[in-house]
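J.: generate a structure from the sequence data that follows.
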Amino acid sequence: MPTTVIILAAGQGKRMRSDLPKVLHPLAGRPLLQHVLTSATALKPREIRVVHGHGGGQVQAAFLGQPIGWFHQSVQKGTGHAVQQALPKIPAGDVVLILYGDVPLVQPATLRKLVAKAARGQVAVLTAGMANPTGYGRILRGERGAVLAIVEEKDASPGQRQIREVNTGLIACPAGRLAKWIGRLKPNNAQKEYYLTDVIGLAVRDGVPVTAVAAESEDEVLGINDKAQLAAAEKILRRRLAGQLMAAGVTVVDPDRIDIRGELVCGRDVVIEPDVIFEGVVHVGDGVRIGAFTWIRNTLIGAGTVVHPHCLLEDGVIGPNCEVGPYARVRPGTEMAEGARLGNFVEVKKSVIGRGSKVNHLTYIGDATIGEKVNVGAGTITCNYDGASKHRTVIGDGAFIGSGVELVAPVEIGAGATIGAGSTITRPAPPGQLTLERSKQLTIPGWKRPVKGG
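T.: Residues are numbered from 1 along each chain as shown. As a prediction, this is how the structure comes out:
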């Protein structure tokens, strides 16, 4: 039976105390709504419809290009009213699955259980047992345990508020029946709103079975209403993602101290030390070790490479058996061939570091092509910017660059050339030769160092 997913995302989120619409607040580097969309997409539904309200234009702009139908709830009159906006033209034979843009941790496996129940003509409600059910609607059951209704906390009696089984808001049911029940909703409650939860009572009156599907844990159905809950969700998701990595054979030294804000793909025998942040799409090869306090974004790291602590890697390609850091920065457009090394306090941008080459200490390499087995000494700078344009430096295979050298681009250093320490090179250096550029050293007799007055 085809499924149409409706995601309610119209809330303003006042408790977030932010100008950003609530469903756009980032969780693990992606908007809350994106997490819900990802879980919904895993079901391969016929259509996904999102009901937006506050900041709707901003919300739509954040998801351009995704196959989403957008429906506007201009005035927030409750969850039932929100669903009503998205119901038109949904085939009566579909199962409608209703999700929430601020409930981001629900798993596809749980959603499949809801859809399977609804495909049999039932109404399926996702429930959870909570130690502290404050703020949630309670599940009312009959003597034989059948679900009879859902009562919102503001409308519940003192006895009903003692119930720990709560409604999570996620519901699946046949589209034709849902449309009829939505049309019968009345705002007879403390909020004067049209509650989606009243559909349950209407289903019971019509003799339609209502089935409760229990969530795996409270964590899965955590709703995000403020920054504290957002931080709690971040911690839950961090643990979940770390668990997936460890199940795949990755050594995560401290699962509470890793941040994955995108897609991380790891090979075998990878070791990730504490306080490493991954953003965007990162691929890590077999046997890689990543040191503590490192930030990696949109980077491919080849097998056997070691990234020492305190490094920043962004939009780069690091080959196999390389060594990076500590305290190294790889900026966009950098490519390191097999066995290359970047040492401490080295920054590289838009450059190619050839096979087996070393850039070990206190050096800036920008807009350069470095051949194989080149040694770049400490304190070397490629002077790639003339104030208007960037220029390239080319260093041939086997060259040796002494310490404290300035290579003023555009310039080419020939294969096997040696550049003496302290030189400023502005013209091509021939291959296989020693090239120096130094002024005459002078000592000024009788010179006195200035002294402060006083």
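J.: touching the helix or strand of the chain with the lowest mean pLDDT from outside, list them.
T.: Within the chain, no helix or strand scores below strand 147-151, which has a mean of 89 by mean pLDDT, DSSP states H and E. For strand 147-151, contacts defined as CB atoms under 8 Å, 6 or more residues apart in numbering pick out 125, 137-142, 160, 167, 197-198, 200-201, 204, 210-212. For glycine as for every other residue, the C-beta is placed from the backbone atoms N, C-alpha and C.
J.: what about 10 Å?
T.: With contact meaning CB atoms under 10 Å, 6 or more residues apart in numbering, strand 147-151 is reached by 123-125, 127, 136-142, 156-157, 160-161, 163, 165-167, 169, 171, 189, 195-205, 209-212.
J.: out of these, which are buried?
T.: Among the contacts of strand 147-151, those scoring as buried are 123-125, 127, 136-140, 156, 163, 165-167, 169, 171, 189, 195-204, 210-212 (criterion: 16 or more other CB atoms under 10 Å).
J.: quick one: list the elements packing against the lengthiest helix in the chain.
T.: Using DSSP state H, we find that the single longest helix of the chain is helix 227-247. Contacts defined by 3 or more CB pairs under 10 Å, 6 or more residues apart in numbering; DSSP states H and E place helix 227-247 against strand 26-27, helix 32-41, strand 251-252, strand 258-266, strand 271-272.
J.: can you list these in TSV and add distance to L97?
T.: Listed next are the helices and strands packed on helix 227-247 as TSV, based on distance: least, CB to CB, whole Å:
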stretch	distance to L97
strand 26-27	21
helix 32-41	7
strand 251-252	33
strand 258-266	25
strand 271-272	36
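J.: need those in JSON lines (columns: mean neighbour count and distance to F63).
T.: Formatted as JSON lines, these follow (neighbours: other CB atoms under 10 Å; distance: least, CB to CB, whole Å):
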{"stretch": "strand 26-27", "mean neighbour count": "17", "distance to F63": "14"}
{"stretch": "helix 32-41", "mean neighbour count": "21", "distance to F63": "7"}
{"stretch": "strand 251-252", "mean neighbour count": "17", "distance to F63": "31"}
{"stretch": "strand 258-266", "mean neighbour count": "19", "distance to F63": "16"}
{"stretch": "strand 271-272", "mean neighbour count": "22", "distance to F63": "31"}
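J.: restricted to helices, list the contacts of strand 147-151.
T.: Short answer: the contacts of strand 147-151 in helices (DSSP H) are D198, V199, I200, G201, L202, A203, V204, R205.
J.: sorry, back to before: adding mean pLDDT and distance to R49, write the helices and strands packed on helix 227-247 out as TSV.
T.: Formatted as TSV, those follow (pLDDT from 0 to 100; distance: least, CB to CB, whole Å):
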stretch	mean pLDDT	distance to R49
strand 26-27	96	22
helix 32-41	97	10
strand 251-252	98	38
strand 258-266	96	26
strand 271-272	98	39
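J.: to W181, which of those lies closest?
T.: For the helices and strands packed on helix 227-247, the distance to W181 is smallest for helix 32-41, at 22.1 Å, taking CB to CB.
J.: report the angle between the closest one and helix 227-247.
T.: Using axes from the mean of the first three to the mean of the last three CA atoms, to 10 degrees, the direction of helix 32-41 lies 50 degrees away from that of helix 227-247.
J.: please name the nearest non-neighbouring residue to N167.
T.: Excluding its sequence neighbours, the residue lying closest to N167 (CB to CB, 6 or more residues apart in numbering) is G137, at 4.1 Å.
J.: from L185, how far off is the one you found?
T.: 15 Å (CB to CB, to the nearest Å).
J.: could you do I401 as well?
T.: Taking CB to CB, one finds I401 at 76 Å from L185.
J.: neighbour-wise, which of those two wins?
T.: Legend: neighbour count by other CB atoms under 10 Å for I401 and L185, higher for I401 (27 against 22).
J.: residues contacting the more buried one?
T.: I401 is in contact with 359, 363, 370, 374-378, 380, 382, 395, 407, 413, 417-421, 423, 425, 429, counting by CB under 10 Å, 6+ apart.
J.: just the residues you listed: which are in strands?
T.: In this view, the contacts of I401 that belong to strands under DSSP state E are V359, T363, I370, N375, V376, T382, I395, L407, I413, T418, I419, I425.
J.: sorry, back to before: just the buried residues out of the contacts of I401, in PyMOL syntax.
T.: To isolate in PyMOL the members of the contacts of I401 that are buried, counting by 16+ other CB under 10 Å, one can use:
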select buried, resi 359+363+370+374+375+376+377+378+380+382+395+407+413+417+418+419+420+423+425+429
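J.: so F278 touches W295, yeah?
T.: Yes. Under the criterion of CB atoms under 10 Å, F278 makes contact with W295 at 8.3 Å.
J.: so who does R184 touch?
T.: G80, D198, V199, L202, R205, D206.
J.: look up how far L37 lies from the closest residue to Q12 other than its chain neighbours.
T.: Nearest residue to Q12, sequence neighbours excluded (CB to CB, 6+ apart): H54, at 4.0 Å. Separation of H54 from L37 (CB to CB) stands at 18 Å.
J.: what about the strands in the stretch 51-200 of the chain?
T.: 69-72, 95-100, 123-129, 138-141, 147-151, 165-174 (DSSP state E, counting those that start in this stretch).
J.: which among those is found nearest to P326?
T.: Per CB to CB, nearest to P326 of the strands of the stretch 51-200 of the chain: strand 95-100, 44.0 Å.
J.: just the angle between that closest one and helix 198-205, please?
T.: Using the same axes, to 10 degrees: strand 95-100 against helix 198-205 is 150 degrees.
J.: listing partners with orientation, what would you give for strand 95-100?
T.: strand 3-9 (parallel), strand 165-174 (antiparallel) (DSSP bridges).
J.: as CSV, those strands with distance to H25 and mean pLDDT would be great.
T.: Listed next are the strands paired with strand 95-100 as CSV, based on distance: least, CB to CB, whole Å; pLDDT from 0 to 100:
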stretch, distance to H25, mean pLDDT
strand 3-9, 12, 97
strand 165-174, 18, 94
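J.: among the ones you listed, which is nearest T299?
T.: strand 3-9 (32.2 Å).
J.: what sits against the closest residue to E152 other than its chain neighbours?
T.: Nearest residue to E152, sequence neighbours excluded (CB to CB, 6+ apart): G137, at 4.6 Å. Going by CB under 10 Å, 6+ apart, G137 touches 127, 149-156, 160, 163, 166-169, 195-197, 200.
J.: is it true that I353 touches G319?
T.: Yes. Taking contacts as CB under 10 Å, I353 lies within contact range of G319: 8.8 Å.
J.: what's the closest non-adjacent residue to C383?
T.: Using CB to CB, 6+ apart, the closest residue to C383 is V408 (4.5 Å).
J.: so what's the residue count around the one you found?
T.: 16.
J.: list the residues that contact it.
T.: I381, T382, C383, N384, D386, H391, T393, T424, I425, T426, R427.
J.: what of A247?
T.: Counting by CB under 10 Å, 6+ apart, A247 has no contacts.
J.: returning to what we had before: what about the helices and strands packed on helix 227-247, which gets the closest to P2?
T.: The nearest among those, by CB to CB, is helix 32-41 at 13.7 Å.
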